[in-house]
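Chemist: Need a 3D model of the sequence below.
(2 chains)
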Amino acid sequence: MSRRGIALAVTGLLVLTACGGGHAASGDGKQLTVVMWGGDDQKKAVAAYVEPWAKANGVTVKQDSPTDYAKFRAQVESKKVSWGVVEVEPNFAVTACENGWAVKLDPAKVDMSKVKKELVSECAAPLLEYAFTIAYNTKAYSAENHPKTWAEFFDTAKFPGKRGFWKYATGAMFEAALLADGVPADQLYPLDIDRAFKKLDTIKKDIVFYETGEQQQQLVSSGEVPLIQAWNGRIFAAAEDGQPVANEWNQHLLSYDQVVIPAGYRDTALAQEWLNNFLADAKGQADYANQSAYAPVTPEALQYVQPDVRRELPTEHEDQRAAIVDYTYWAEHYDEVTERLNEWMAQ
Amino acid sequence: MTGEAVTGRRLPDGWGFLVLPLVAFLLVVFVHPLISVLARSLSDPEPGLGNYAAFFDSPVYLDVLVNTFVVAGLVTLVTLVLGFPYAYLMTLATPFWRGVLMAAVLVPFWTSLLVRTFAWVLILRDTGVVNEVIGALGGQPVPLLRNLAGVLIGMVQVMLPFAVLPIYATMRGVDRRLLQAAEGLGARPAFAFWRVYAPLTLPGVAAATLLVFVSSLGFYVTPALLGGPQNVMIGELIVQQLSGVLRWGFASALAVILLVVTGVLLLLAARVVDLRRMIGGGR
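Modeler: Coordinates of the predicted model:
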């Protein structure tokens, strides 16, 4: 046993040392962990505007998904933060900022002058824009004859069939209900939730709630729910896939995702460096927009977006916009409206 | 011999200490988190019983809790009704067909829960396979999705292996010659089956009941995707409070309530049936 055994042991030790050395080396190198909602979307986004920057700067990109606010909070509270830049909904960005869970962005390091000021908050920069549109099944309703306003969307006598909404309070169904009930778009916020519920009551038996983007596509493509309040990019993707669906842009509600950096992340400077680079990276943003039909946040990027995709971006339909979803309102009222929504749904 | 060693009151020499790693493991991964959950439910956002008061103040949460137990009970019932004859068939089948039957139960078990749930959506929706067949035969579409039917179908399929396997394991240990003996003494086949065979399979049935019922209580993906707003189960509510609204204290209180109610129900069940026998401790 002896000689071979010793040889083996020595080799083993060498291998171990080598591994250890390797570890130390990569530990010294710069590393950024990117967290988004996962799936294909995340792959496209990372390839479009994280990898090129990382390659040029010798940074190793790590990924995790999906964003989970409970994990976010748990990492910060336990002071074991592994997430670097995290895609979140803007109301969470406000909550995280107020509670000290997210880093306040340094204006000297992250230049936000190029993006819409409505999409920026103290701890967060915008990542992409999307719209809640009136999406319809083109076999059930034609391009000429389909609901073009939220009032028509709520009119089940004129346009029969089930209606789809996202099952969360921030799903813009309250905004849609109030617009349908005649509230002027510039007076939406603060939302009159009682009035919205009254309007929703009128079509309650026809409402189907969905949970995920896949469900959204499935429901409207199959014709089961011919009219649905949807994310423009999902409908565009389904239409590209040959499904009979289309977006009606009139009275759409603009929404957006943001990026935040969890408090206590070990390389906040690097995370901000990427963020700053991203906001200036017109080509990277356009590259992602071309694949996803979610709009870039830097106007300069639009010139690099293919014309057929560009037509499908919210940035091209600003004249048909009802409002931008006000996430400072939602940060404050999300809990209480969620509770009422639960109650209302269960009745 | 072994029976004596196991049931003997005093621990035989040093071997008892072998259990220590397991105890340590359970303390770290089970008892400690459980205590922190309990502590959080009483302290977040402020010390006191506020989270529990919030639960009992709103009729919705109670409804969700009741609904959770009703659904778990129905799932258990349907699973047993399907699983018992299936397991019996497995004991009668030739080895080849037994393998096929076993595979039919286990293969879905190894498939991702999310994939299976979405597959059910495709099959059960108004424009899905089932309703298209019904429509082609001239019938009205049957709502099978976003209601109790959808939840039951999805959950029963997930739970079936947990019923079939323990029942089959027990049935395999039952001596079929007892049936012959009963029939030899003049019992009709059905009578022999129900009076002699079935009672001997009870430990398996009881284990299956327990496994299926308790696991069903914690479901949330399946009811979230196949059920409607009226079929929310408490697991879904806990996730929503934990990840969506970030009310961790309230989420912890929900978890504690679920645990306590489940415990009480099991205790009540123990008064009717011998729990120790159910989990296989009996001889």
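
Chemist: How about the contacts made by whatever residue of the stretch 1-150 of chain A ends up closest to chain B?
Modeler: Closest approach between the stretch 1-150 of chain A and chain B, counting by Cβ to the nearest Cβ: residue A:70, at 4.3 Å. Where C-beta positions appear, they are placed from N, C-alpha and C, glycine not excepted. Counting by Cβ atoms under 8 Å, 6 or more residues apart in numbering or on different chains, residue A:70 touches B:242-243, B:246, B:248.

Chemist: In the helix or strand where it lies, which residues are buried?
Modeler: Using DSSP states H and E, residue A:70 sits in helix A:69-77. If you call a residue buried by 16 or more other Cβ atoms under 10 Å in any protein chain shown, then helix A:69-77 has these buried ones: A:69-73, A:75-76.

Chemist: Please apply the same query to stretch B:117-131.
Modeler: Within stretch B:117-131, the residues scored as buried using 16+ other Cβ under 10 Å are B:117-118, B:120-121, B:124-126, B:128, B:130-131.

Chemist: Could I have the CA atoms of it written out in PDB?
Modeler: C-alpha atoms of stretch B:117-131 as PDB (Å, rounded to 0.1, in the frame of the first residue of the first chain):
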ATOM      1  CA  THR B 117     -49.400  21.900 -12.300                       C
ATOM      2  CA  PHE B 118     -49.100  23.800 -15.500                       C
ATOM      3  CA  ALA B 119     -49.900  20.600 -17.400                       C
ATOM      4  CA  TRP B 120     -53.100  20.300 -15.400                       C
ATOM      5  CA  VAL B 121     -54.000  23.900 -16.400                       C
ATOM      6  CA  LEU B 122     -53.700  23.000 -20.100                       C
ATOM      7  CA  ILE B 123     -55.800  19.900 -19.600                       C
ATOM      8  CA  LEU B 124     -58.500  21.300 -17.300                       C
ATOM      9  CA  ARG B 125     -59.100  24.800 -18.700                       C
ATOM     10  CA  ASP B 126     -62.300  25.700 -20.500                       C
ATOM     11  CA  THR B 127     -60.500  25.300 -23.900                       C
ATOM     12  CA  GLY B 128     -58.500  22.300 -22.700                       C
ATOM     13  CA  VAL B 129     -58.500  18.700 -23.700                       C
ATOM     14  CA  VAL B 130     -61.200  17.500 -21.300                       C
ATOM     15  CA  ASN B 131     -63.700  20.300 -22.200                       C
END
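
Chemist: pLDDT (mean, whole number) over it?
Modeler: Mean pLDDT, computed over stretch B:117-131, is 90.

Chemist: and what of stretch A:64-74?
Modeler: 95.

Chemist: before we move on, the earlier item: quick check: next helix or strand after the helix holding residue A:70?
Modeler: Heading C-terminal from helix A:69-77 (DSSP H and E), you reach strand A:85-88.

Chemist: Which residue would be the closest one in chain B to chain A?
Modeler: residue B:229 (3.4 Å).

Chemist: okay, now the closest residue to that residue other than its chain neighbours: neighbour count?
Modeler: Spatial nearest neighbour of residue B:229, excluding adjacent residues (Cβ to Cβ, 6 or more residues apart in numbering or on different chains): residue A:345 at 3.4 Å. The number of residues packed near residue A:345 is 16, by other Cβ atoms under 10 Å in any protein chain shown.

Chemist: From what I see, residue A:345 and residue A:209 are in contact.
Modeler: Yes: the criterion here is Cβ atoms under 8 Å, and residue A:345 meets it with residue A:209 at 7.2 Å.

Chemist: Determine the number of other residues adjacent to residue 205.
Modeler: Picked chain A for this. 8.

Chemist: let's do chain B instead
Modeler: Around residue B:205 there are 21 residues (other Cβ under 10 Å).

Chemist: mind listing what it touches?
Modeler: B:80, B:84, B:167, B:170.

Chemist: In terms of pLDDT, where does the first one sit?
Modeler: pLDDT recorded at residue B:80 is 97.

Chemist: Excluding covalently adjacent residues, which one is nearest to it?
Modeler: residue B:163 (5.9 Å).

Chemist: Return the residues in contact with the one you found.
Modeler: Residue B:163 touches B:79-80, B:82-84, B:87, B:208, B:211-212, counting by Cβ under 8 Å, 6+ apart.

Chemist: what comes up buried for the one helix or strand residue B:77 maps to?
Modeler: Following DSSP H and E, the helix or strand that holds residue B:77 is helix B:59-92. Of the residues in helix B:59-92, B:60-61, B:64-65, B:67-69, B:71-76, B:78-80, B:82-84, B:86-88, B:90 count as buried by neighbour count, 16+ other Cβ under 10 Å.

Chemist: Same check on stretch B:33-46?
Modeler: Here stretch B:33-46 shows B:37, B:40-42, B:44 as buried, counting by 16+ other Cβ under 10 Å.

Chemist: From those residues, which land in helices?
Modeler: With DSSP state H as the criterion, helices contain B:37, B:40-42 from among the buried residues of stretch B:33-46.

Chemist: Whichever helix or strand residue B:119 is part of near chain A at all?
Modeler: If you go by DSSP H and E, residue B:119 is part of helix B:113-124. Yes: applying Cβ under 8 Å from any Cβ of the partner chain, one finds helix B:113-124 touching chain A at B:118, B:121-122.

Chemist: helix or strand right after that helix?
Modeler: helix B:129-136.

Chemist: Quote the end-to-end distance of stretch B:122-134.
Modeler: Start-to-end span of stretch B:122-134 (Cα to Cα, to the nearest Å) is 15 Å.

Chemist: Is it correct that residue A:91 is in contact with residue A:171?
Modeler: No: with contact defined as Cβ under 8 Å, residue A:91 does not count as touching residue A:171 (11.8 Å).
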